[in-house]
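>>> take this sequence and fold it.
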Amino acid sequence: MDNGEYALELADGRRMTYPAADVSEMKRLTEDTPEKPSASGVPLSGLCRGTTLFTEYALASDLYEHIKEVQVAQKGMGYGSGTKYYPDLAAEARKVGGDAVISVREWRAATAWSWSAPHVGGMAVRWTEKAKTEVVTIENKCF
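This next block holds a predicted model:
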């Protein structure tokens with residue numbers, strides 16, 4: 001634990017951090033856990049009506065149109081969790097016409113005010129016509 005956060009290095013080199021308070025809410029994955037946790041059985045475009053869908057997963061390319069990579073970095077001093085910048089990342093995606101941010105990731109990098117400031121980023125996408133009818137099982141959050 002560092003600065004009230006737990007960190008996990010992933011096999012692909014990404015680093016995920018979690019506030020210590022969130023660890024008590026985490027669930028251990030077992031062999032019975034599905035590969036992708038399920039969401040409600042509604043089409044992708046209906047999961048986050050009026051807000052921006054976030055997911056760490058990649059989706060089939062026929063469900064979205066790639067707009068651009070978006071990212072947000074902490075401004076000023078601090079070492080908090082990058083998850084508090086998700087609403088800012090959602091706003092960046094909406095500015096470029098995005099319905100969702102997929103392949104969301106968090107990392108840390110030095111800035112003028114911090115040795116390890118949180119950064120978040122992902123791919124801003126617009127739903128295709130297929131996404132308006134396709135029901136996909138995916139873990140997501142709405143911002």
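>>> send the alpha carbons of the helix ranked longest in the chain over as CSV?
For the chain, the helix reaching the highest residue count under DSSP state H is reported as helix 86-95. This file holds the C-alpha atoms of helix 86-95, laid out as CSV (Å, rounded to 0.1, in the frame of the first residue of the first chain):
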residue,chain,number,x,y,z
TYR,A,86,-13.4,9.7,-15.1
PRO,A,87,-16.1,12.5,-15.3
ASP,A,88,-13.4,14.7,-16.9
LEU,A,89,-12.5,12.0,-19.3
ALA,A,90,-16.2,11.5,-20.2
ALA,A,91,-16.5,15.3,-20.9
GLU,A,92,-13.5,15.0,-23.2
ALA,A,93,-15.2,12.2,-25.1
ARG,A,94,-18.4,14.2,-25.4
LYS,A,95,-16.5,17.2,-26.7
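>>> tell me the average confidence for it?
Here helix 86-95 scores 91 as its mean pLDDT.
>>> can you find the helix or strand in this protein with the smallest mean pLDDT?
Ranking every helix and strand in the chain by mean pLDDT, DSSP states H and E puts helix 20-23 at the bottom, with a mean of 57.
>>> which helix or strand lies directly C-terminal to it?
Using DSSP states H and E, the helix or strand that follows helix 20-23 towards the C-terminus is strand 53-54.
>>> pairing partners for that next one, with directions?
Take DSSP bridges as the rule and strand 53-54 pairs in its sheet with strand 100-109 (parallel), strand 141-142 (antiparallel).
>>> with mean neighbour count as extra columns, can I get those strands in a markdown table?
C-betas here are computed from N, CA, C, even on glycine. Output for the strands paired with strand 53-54, formatted as a markdown table (neighbours: other C-beta atoms under 10 Å):
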| stretch | mean neighbour count |
| --- | --- |
| strand 100-109 | 20 |
| strand 141-142 | 16 |
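>>> thanks again, I'm all set now.
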